[in-house]
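Participant: Return a 3D structure for these sequence lines:
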Amino acid sequence: MADKILIRDLTLRDGQQSQFATRMNQSQVDRLLPFYQKARFHSMEVWGGAVPDSVMRYLNEDPWQRLEKIKAGIGGASKLTALSRGRNLFGYNPYPDQVIEGFCRNAVRSGIDIMRIFDALNDIDNMKSTIRYVKQNGGSADCAVCYTVDPRFTLADRAKAFLRGRPLPRSIFNIDYFVTKAEQLAGLGADMITIKDMAGLIDPQTSGELIRALKKNVGIPIDLHTHCTPGFGLASVLMAMLNGVDIVDTVILNFSGGPAAPAYELVQLFADKLGLDTGVDREPVAAINKALLEIRGELAQFDQYKMVPLAFDIASDKLPAAVDALFDAAIAAAKAERIEELLQATQAIEKHFNFPAPDDIVRVAQIPGGMYTNMLAQLQAAKLEHLKDKVLQTVPRVRLDAGVPPLVTPTSQIVGVQAVNCVIDEANGKPFYTSKSTQFVNLVKGTYGKTPFPVDPAFRLKIAGTRDEVPYDPSTYKKQENPLLRELGSVRLARDEKEELLLELFPNVANTFLKGLREKEFQANPVKPSAAEELSAADKMWEDLSEYA
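Facilitator: Model (predicted):
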């Protein structure tokens, strides 16, 4: 085991997205930056995910300015990281290389040092172009393998499938699966590998085994990213630390726990006991945590749990003796691989700090919390809440039919919505799959990439009208319109390449946001530009689009 471990802070992206619907505004972020500049986390995840969409949609702010202001405030004190869905970037639809290159180039130039790249199907082909463009533009490629578990099937399910001549898979997502994916990504130039456990499903036993296997077989840094929702998070991070993980993802105390990642403070206390240096300055972190408490109050309407963690200053406070003993007990249990004792100790620690209790629905159903709440909302809208259990039982079948995709955005939502559609169809006396979302059809068709388990050709024919897989064809891509706003001085809706990218990635939201910007500019300076100014840099970006067909 090394004598140091690096910390990636997720507070400003995944932390606020998991806890407060990504509603932190620029002013709230700015209050924290002087402290972050002094804290010197190895890296900070500050962009990507839901941030670009949300800051336009709900806050009327510019996503590029969000990133650039954070970079100005942090400088080189910490590496800035963002999250990207490979060929899908931020949405459901794949994009041609022209868009991917433009996004990666501008993200790196605006301040991103490390791009965390993942694909919802763990289809390596969907990650290749982003890896290439990030590295060509001077960024580091953090290649994530999405962690998931095999669907649970009863003996009756397996017997029926066997009689139909299509036996159910015994084991897909085992240690070898994840190691093989990591090795492939390393071969493509990945600078590090993240095990991205968005649902918090990696249990401590698997965490230890997987990190050991990755450290043995993959010669680049390994990062573990997990969440606390089903109650495994802190214990699994501790097991990773004991087995040589290089980086762990955490969130500062007042934004951590529950649906978010484990608290930095708790991980730091474990690191102290293990003799691991994180390199983080604790006094600025304590100041950040204090400010986050105020911001949490300002975001109270978006706080689903409303359970504020126990006040604790990592720079000066000492643990009560009984709680300190729980940390020692957790370490002893982890070293001996007594998993139940480890979980009892870490969950008792989290209870002391007033974190939400483990979510048994997520643990048993093995689905992300966001997927569950969205399915429930869909049932409520149809006034069929009483069919919740039926939907949870249907998820494995729909997932299998669709090729057993990992349950991560967007595939978690695609499978969840379709499971609800199937149950509603049945409740209305119709066969399963009478109602199909466009996204589900595209998933089965092959538009999003290769699934971990082959889709039955007969099922693909039934759903998508073809027996053969039909991959994404970039030649069919149509760029978003960038209209000339004659009523606002004859300017283009998007004035430069970054704004044009916003239109491509978030067409409806960006259209409204950019129209508001142009209106404000025109009101401030109602002068018609010259004809030469009407052709923006954004237009030039697309002159060679046919090259990527």
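Participant: tally of neighbours for the closest residue to S316 other than its chain neighbours?
Facilitator: Distances taken as CB to CB, 6 or more residues apart in numbering place A286 nearest to S316, at 7.3 Å, with adjacent residues excluded. For glycine as for every other residue, the C-beta is placed from the backbone atoms N, C-alpha and C. Neighbour count of A286, defined by other CB atoms under 10 Å: 21.
Participant: contacting residues for A286?
Facilitator: Going by CB atoms under 8 Å, 6 or more residues apart in numbering, A286 touches 313-316.
Participant: can we see that at 6 Å?
Facilitator: With contact taken as CB atoms under 6 Å, 6 or more residues apart in numbering, A286 is in contact with 313-315.
Participant: Can you turn the buried part of those into a PyMOL selection?
Facilitator: What follows is the PyMOL syntax for the buried subset of the contacts of A286, where burial is set by 16 or more other CB atoms under 10 Å:
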select buried, resi 313+314
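Participant: Same list, the contacts of A286, but as TSV with distance to G86, pLDDT and secondary structure please.
Facilitator: Listed next are these as TSV, based on distance: CB to CB, whole Å; pLDDT from 0 to 100; DSSP: H, G, I helix; E, B strand; the rest coil:
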residue	distance to G86	pLDDT	secondary structure
D313	40	98	coil
I314	36	98	coil
A315	39	97	coil
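Participant: Closest to L484 out of the contacts of A286?
Facilitator: Taking CB to CB as the measure, L484 lies nearest I314 of those, at 54.6 Å.
Participant: For that closest one, give its distance to N60.
Facilitator: From I314 across to N60, the span is 35 Å (CB to CB, to the nearest Å).
Participant: try L485
Facilitator: Going from L485 to N60 by CB to CB gives 18 Å.
Participant: Looking at the two, which one has more neighbours?
Facilitator: Neighbour count, other CB under 10 Å: between L485 and N60, L485 has more, with 16 against 12.
Participant: Any figure for the gap between that one and L502?
Facilitator: Distance, L485 to L502, using CB to CB: 16 Å.
Participant: Kindly report the same for D157.
Facilitator: For D157, the distance to L502 - CB to CB - is 45 Å.
Participant: who has more neighbours, these two?
Facilitator: L502 (25 against 15).
Participant: what's the helix or strand for the more buried one?
Facilitator: If you go by DSSP states H and E, L502 is part of helix 497-505.
Participant: Hey, what's the angle from whatever helix or strand comes next after that helix to helix 497-505? Just curious.
Facilitator: Note on helix 497-505: by DSSP H and E, the next helix or strand toward the C-terminus is helix 507-524. Relative orientation of helix 507-524 and helix 497-505, computed by axes from the mean of the first three to the mean of the last three CA atoms, to 10 degrees: 140 degrees.
Participant: Only the buried residues of helix 507-524, if you could.
Facilitator: So for helix 507-524, counting by 16+ other CB under 10 Å, buried means 509-511, 513-514, 518, 522.
Participant: Including pLDDT and distance to R23, could these go into a markdown table?
Facilitator: Listed next are the buried residues of helix 507-524 as a markdown table, based on pLDDT from 0 to 100; distance: CB to CB, whole Å:
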| residue | pLDDT | distance to R23 |
| --- | --- | --- |
| V509 | 96 | 15 |
| A510 | 97 | 19 |
| N511 | 97 | 21 |
| F513 | 98 | 16 |
| L514 | 98 | 21 |
| R518 | 96 | 25 |
| F522 | 95 | 29 |
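Participant: Fine by me, we can end here.
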